[in-house]
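**Q** What would the 3D arrangement of this be:
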Amino acid sequence: MTKILIADDHLIIRQGLRLILETEEGFDLVGEASDGAEALRLCADLHPDVALMDLRMPGMDGLTAIEKLRAAQPEIAVVILTTFNEDDLMFRGLQAGARGYLLKDTDRSTLFNTIRAAARGETLLKPEIMARVLSRMNAPQTESRTSINLTDRELEVLVSVARGERSKEIASHLGISERTVKAHLANIYSKLGVDSRAAAIAVAAQLGLLRSQ
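**A** So this is what the prediction gives:
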């Protein structure tokens with residue numbers, strides 16, 4: 001069972017998500033929070049596998065909660081589920097460590113698939129979200145791409161990740177082992193100062209590392 005916690009300040013949203021999740025086998029909704037601070041407390045007590053996190057909540061907002069959760073319990077995967085279709089919020093959330101970004105009008109299948117991917121430690125971004133991430137490569141850069149010293153192989157792995165490929169697929173087309181892919185990913189995360197695929201893609205796009213790839 002995948003244990004899930006919902007953090008949203010609107011009761012009707014939490015109730016609706018509960019009804020949706022209860023229809024799908026393999027999901028166990030273990031807790032509901034109305035703000036970021038409560039979400040952190042419940043995560044510490046309940047240890048969910050995945051937290052569905054709204055971004056704009058009273059008191060402690062979702063972005064702050066994601067940052068604190070990644071520091072305290074990095075094993076908990078966070079999926080942003082919000083009504084706000086804003087690029088800045090999306091990038092800040094992904095860079096904070098979220099493994100997915102969904103709008104609240106998403107369909108059930110996408111919601112379920114994103115939760116399952118997050119629970120497996122993977123990142124699943126909808127094509128339109130990925131397109132917005134990649135378009136960010138044209139945004140003003142705060143750091144030059146030359147200051148991030150990725151090897152050619154690491155860059156190949158990073159580009160494959162940005163295309164949505166899983167480790168097994170990357171290993172296959174690059175002719176290396178899956179363990180080697182994971183080692184390259186660890187090096188990429190260290191050099192970019194991130195700890196998830198989504199954050200790596202967001203940072204790489206901002207730094208122009210995916211430009212012309």
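**Q** can you give me the helices in this protein?
**A** Assigned by DSSP state H, the chain shows helices spanning 11-22, 36-46, 62-72, 87-96, 108-119, 127-135, 152-162, 167-174, 178-192, 197-207.
**Q** what comes up buried for the fourth one?
**A** Right, the one you point to is helix 87-96. Buried residues in helix 87-96, defined by neighbour count with 16 or more other Cβ atoms under 10 Å: L89, M90, F91, R92, G93, L94, Q95, A96. Every residue, glycine included, has its C-beta placed from N, CA and C.
**Q** The fifth one now?
**A** Of the residues in helix 108-119, those with enough neighbours to count as buried (16+ other Cβ under 10 Å) are L111, F112, T114, I115, R116, A117, A118, A119.
**Q** repeat for stretch 41-50
**A** When burial is assessed from 16+ other Cβ under 10 Å, stretch 41-50 yields the following buried residues: L42, C43, P48, D49, V50.
**Q** what number of residues lie near the residue lying closest to G97 once chain neighbours are set aside?
**A** Ranked by Cβ to Cβ, 6 or more residues apart in numbering and with sequence neighbours excluded, the top spatial neighbour of G97 is R70, at 3.8 Å. The criterion is other Cβ atoms under 10 Å. On that basis, R70 has 19 neighbouring residues.
**Q** F84 too?
**A** Using other Cβ under 10 Å, F84 has 13 other residues around it.
**Q** now the end-to-end length of stretch 29-45.
**A** 14 Å (Cα to Cα, to the nearest Å).
**Q** So which residues make contact with it?
**A** With contacts defined as Cβ atoms under 8 Å, 6 or more residues apart in numbering, stretch 29-45 is touched by 3-9, 11, 14, 17-18, 21-22, 46, 48, 51, 53, 57-62, 64-65, 68-69, 72-73, 76.
**Q** Mind checking which of these are buried?
**A** Buried members of the contacts of stretch 29-45, counted by 16+ other Cβ under 10 Å: 3-9, 14, 17, 21, 48, 51, 53, 57, 60-62, 64-65, 68-69, 76.
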